[in-house]
Each structure stands twice: as C-alpha cells, then as structure tokens.
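Participant: how would this look folded up:
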Amino acid sequence: MLYQVLIVLLLLIAIAMISLILVQQGKGAGMGASFGAGASNTVFGSVGSGNFLTRSTWFLIILFFGVCLALGYLQKAQHEETSNFSNIGDAPEAEVVESVPAVTTDAPVVETDAPAVKTENNASKSDAPVVSDKK
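Facilitator: Numbers count the residues shown, from 1 in each chain. Next up is the predicted model:
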C-alpha cells in the first residue's frame, strides 16, 4: 500500500516540477525585465517571481529525490535474497536410472575405435560407433 502511494506521489511531484520549470523564464529574459519590459506582467513583481519559482523548484527536486530513495529502499527490502552459497552442505539426491535390457536383432556388427564402457549389465557401449560393411 505504501509503495503505491509513493509511486502516485512521485508522479504528482514530477508533473509539478515539470510545470514549474516550464513556467520559469531563461537567463536571457532577465535583460529585458531589467529595463521594465516584463515587470508589469508578473504576479510577484519583477524580482519576486524568479525567487519564488526557484525555491519551489528546488523544494520539489529535493522531495523528488527523497521519494526516489524511499522507493528504492522499499524495493530492496521487498526482494531481499539469500546468498546462492547458503545451501552448500545440502547434497542433491542422485537420480536412480534403471538399466535397459539388451535387444537382440539382425543389425550389422558395429566396430568401434573408442574404448568400451562397462555398464551394470556388462553390455559394452561406445560413445562414437563406427559402422563398417565387411563384404
């Protein structure tokens, strides 16, 4: 619940910050205002608007970063993981495989160069069979 409230608050702060930044005039506009060109159109006078908007923007920026840090802390606390090495002492159980009986067919004889591997039922098995046709 707190996470969703902070997300909405972050969105509102961001919208307010963007609107305050867009309302402010650039540094180049100060030259015209100093000669009286823009002083009559401001709500706070010729000097007061810049000071008020600047302080409001800084306040919103600090609030924005504070909410971002709080969201990051909540996200980290929510997804706290244990170390991958915490279960080193637990050995996995071995898989039991039943042996398959040998099948007798009329298949051609297979000669291999690889050494034979003995299995439980003493049948020879090779990793790389080579088929030779003896005629």
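Participant: by contact count, what packs against the strand or helix carrying residue 72?
Facilitator: Element membership of residue 72, judged by DSSP states H and E, is helix 45-78. On a contact count with 3 or more C-beta pairs under 8 Å, 6 or more residues apart in numbering; DSSP states H and E, helix 45-78 meets helix 2-23. Any C-beta I mention is one placed from the backbone N, CA and C, and that applies to glycine too.
Participant: can you rerun that using 10 Å?
Facilitator: With contacts taken as 3 or more C-beta pairs under 10 Å, 6 or more residues apart in numbering; DSSP states H and E, helix 45-78 sits against helix 2-23, helix 29-34.
Participant: between the ones you listed, which gets the lowest average pLDDT?
Facilitator: Mean pLDDT values for those show the minimum at helix 29-34, a mean of 58.
Participant: nearest to residue 57, of the helices and strands packed on helix 45-78?
Facilitator: Within the helices and strands packed on helix 45-78, the stretch nearest residue 57 is helix 2-23; the backing value is 4.9 Å (C-beta to C-beta).
Participant: Identify each buried residue in the closest one, please.
Facilitator: Within helix 2-23, the residues that count as buried by 16 or more other C-beta atoms under 10 Å are 10, 13, 16, 17, 20.
Participant: got it, and stretch 70-82?
Facilitator: residue 71.
Participant: Quick one: mean pLDDT for it?
Facilitator: Averaged over stretch 70-82, pLDDT sits at 82.
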